[in-house]
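Asker: No sequence on hand, only this structure:
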């Protein structure tokens, strides 16, 4: 008896970002900051925020990106066997966004699950989908990363260290069975270190500290706004990014020079530049778009991957590396032969 193991490959990509552009100058009218201050620390020039009155949410944006990915794959919605949705900003506390996609796209009653791994969410989601395809359980899986940050940010000087970084948006891909095991996703590598959970966190509301307690607090309770120890996160990110990229290369007998395209999670342009220098990569070997979109957390890698592909920067046979680090801490990488 022998077990047939398949690879999975990306056969369709799509992205959606709101039309509403928020520049650094726009933010300087809300809080004590400036274009120079933001660009120097993050590399971000502007981001997209869902405007007031819009129907967009994480699920709605995810559905818009998914429709594009399905169309480009040559499949129909009825060919999809399973949904994996990565987000930290779901429409509801529960149920998750995955089941909303099944409804919004009018799909058969296929399975759906959400991944709650923040900045590493898309890497984890791709890895989960890859396992289902490798084992033969499913053939075509819709993987989505989407975030609606803007309505949950502290838009005051107090919150500027976090608020200036984040943007809204969504990306999606179709992962499909590939019988040639030299192509597609070659490996995925996942890690976590929960002792640093409080370094990048939204603490409330949690079941232990629910809305009535927050509202009844005598002092202002801002546990529902994101908190980040930025310097601490940065120092860990540059180390873990490097480690997990090397882990993926070594697993597949590849060298730094073999990377055709690195797509890092768009957390901070300074982190991406540090990794680029460390690996000796040229500008055309790394794709960054944080300048335009900010940090879209679970959506950032899939938006960037889609954009790089749309711009003709990824071609058949290329070695593509995806890498992420974020809240948890969690981090991971994906090695792809395109």
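Answerer: Great, that's in hand. Not measured: the values here are computed from a predicted model.

Asker: from the chain's centre, how far out does stretch 139-150 sit?
Answerer: On the basis of Cα atoms, centre = their mean, to the nearest Å, the separation between the geometric centre of stretch 139-150 and that of its chain is 8 Å.

Asker: Rounded mean pLDDT for it, please.
Answerer: Per-region confidence: stretch 139-150 scores 98 on mean pLDDT.

Asker: which residues touch residue 304?
Answerer: For residue 304, the contacting residues are 263, 266, 287-289, taking Cβ atoms under 8 Å, 6 or more residues apart in numbering as the criterion. C-beta here means a position set from N, CA and C on the backbone, and glycine is covered the same way.

Asker: Let me know the closest of those to residue 156.
Answerer: Checking these against residue 156 by Cβ to Cβ gives residue 266 as the nearest, at 24.4 Å.

Asker: Quick check: next helix or strand after the lowest-mean-pLDDT helix or strand in the chain?
Answerer: Sorting the helices and strands of the chain by mean pLDDT, DSSP states H and E puts helix 211-216 at the bottom, at a mean of 90. If you walk from helix 211-216 toward the C-terminus, the next helix or strand you reach (DSSP states H and E) is strand 227-228.

Asker: And for the helix or strand following that following strand, what's in contact with it?
Answerer: Tracing the chain C-terminally past strand 227-228 and defining elements by DSSP H and E, one meets helix 230-251 next. Applying Cβ under 8 Å, 6+ apart, the contact partners of helix 230-251 are 161, 186-189, 191, 196, 199-200, 254-256, 258-259, 262, 264, 267-268, 270-271, 274-275, 278-279, 321, 323, 325-326, 329, 331-335.

Asker: just the buried members of those?
Answerer: Burial by neighbour count, 16 or more other Cβ atoms under 10 Å: within the contacts of helix 230-251 this picks out 161, 186, 188-189, 191, 196, 199-200, 254, 259, 262, 264, 267-268, 270-271, 274-275, 279, 321, 323, 325-326, 329, 331-335.

Asker: So which of those are in strands?
Answerer: Among these, the members found in strands (DSSP state E) are 186, 188-189, 191, 200, 262, 264, 321, 323, 325-326, 331-335.

Asker: can you pull the contacts of residue 39?
Answerer: Applying Cβ under 8 Å, 6+ apart, one finds that residue 39 lies in contact with 24, 45.

Asker: any idea which element it lies in?
Answerer: Under the assignment here (DSSP H and E), residue 39 is part of helix 35-42.

Asker: Rounded mean pLDDT for that helix, please.
Answerer: Rounded to a whole number, the mean pLDDT of helix 35-42 is 96.

Asker: Likewise for stretch 10-29?
Answerer: 98.

Asker: still on that earlier bit, in the least confident helix or strand of the chain, what's buried?
Answerer: Burial within helix 211-216, assessed by neighbour count using 16+ other Cβ under 10 Å, is assigned to residue 214.
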